[in-house]
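Trainee: just to be clear, the model below is a prediction. Sequence and coordinates:
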Amino acid sequence: MAKTTRATTSLTKLGIAFTVHSYDYDPDAESIGLQAAEALGEPPSRVLKTLMAELDGKPVCVVLPSDHEVSMKKLAAALGGKSATMMKPTDAERLTGYHVGGISPFGQKKQVPTAIEAAALSEPHVFINGGQRGLQMRLDPNDAARALNAVRAEVVA
């Protein structure tokens, strides 16, 4: 498995400290984020998932703990829109350049508005997908928010 991806390159260029962690990705897992947390031996609140959505028909990204679901209403409000819906997996792959299960908010083909769950920012560190299945990056959540120019908001259901 490559340890250098567009996501790791993006953080390196920004001068953000992170470490790379590999785990055995299970494509049949009911929840990719929860499976990653278990494999890494971390609480799900520290292993963040990256979801792609559409806000009033335009792409957006949301990063939240793997044991929570996103509230589309809260996401829309956080990013100043009227309504949000989940993006189809094929559209998310085409837009980000990553495969589902390996979508990172960093180094996407096109930078889109991003929201990060405010509760995650109080964690001492978080894990965020490194741009491929079975690869996570451990970093300070506030560094992640700055790197993404993310809106910090309560977006969980």
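Mentor: Yep, that arrived.

Trainee: residue nearest the middle of the protein, spatially speaking?
Mentor: Nearest to the geometric centre of the chain sits T50, at 2.6 Å (C-alpha atoms, centre = their mean).

Trainee: and that residue, what is it in contact with?
Mentor: C61, V62, V63, I103, S104, P105, I128, N129 (C-beta atoms under 8 Å, 6 or more residues apart in numbering). Where C-beta positions appear, they are placed from N, C-alpha and C, glycine not excepted.

Trainee: if we go to 10 Å?
Mentor: For T50, the residues meeting the contact criterion (C-beta atoms under 10 Å, 6 or more residues apart in numbering) are 7, 33, 61-64, 92, 96, 98, 102-106, 108, 114, 116, 128-129, 131.

Trainee: restrict the helix or strand containing V62 to CA atoms and write it as PDB.
Mentor: Under DSSP states H and E, the secondary-structure element containing V62 is strand 58-65. The C-alpha trace of strand 58-65 is given here as PDB (Å, rounded to 0.1, in the frame of the first residue of the first chain):
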ATOM      1  CA  LYS A  58     -23.600  22.000  -5.500                       C
ATOM      2  CA  PRO A  59     -21.000  19.700  -4.000                       C
ATOM      3  CA  VAL A  60     -19.900  20.000  -0.300                       C
ATOM      4  CA  CYS A  61     -17.900  17.800   2.100                       C
ATOM      5  CA  VAL A  62     -18.600  17.000   5.700                       C
ATOM      6  CA  VAL A  63     -16.300  15.400   8.200                       C
ATOM      7  CA  LEU A  64     -17.700  13.900  11.400                       C
ATOM      8  CA  PRO A  65     -17.100  11.100  13.900                       C
END
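
Trainee: tell me the secondary structure of the nearest residue to P59 once chain neighbours are set aside, please.
Mentor: The shortest distance from P59 to any residue other than its chain neighbours is 4.7 Å, reached at V112 (C-beta to C-beta, 6 or more residues apart in numbering). Put simply, V112 is coil when judged by DSSP: H, G, I helix; E, B strand; the rest coil.

Trainee: I am finished for the moment; much appreciated.
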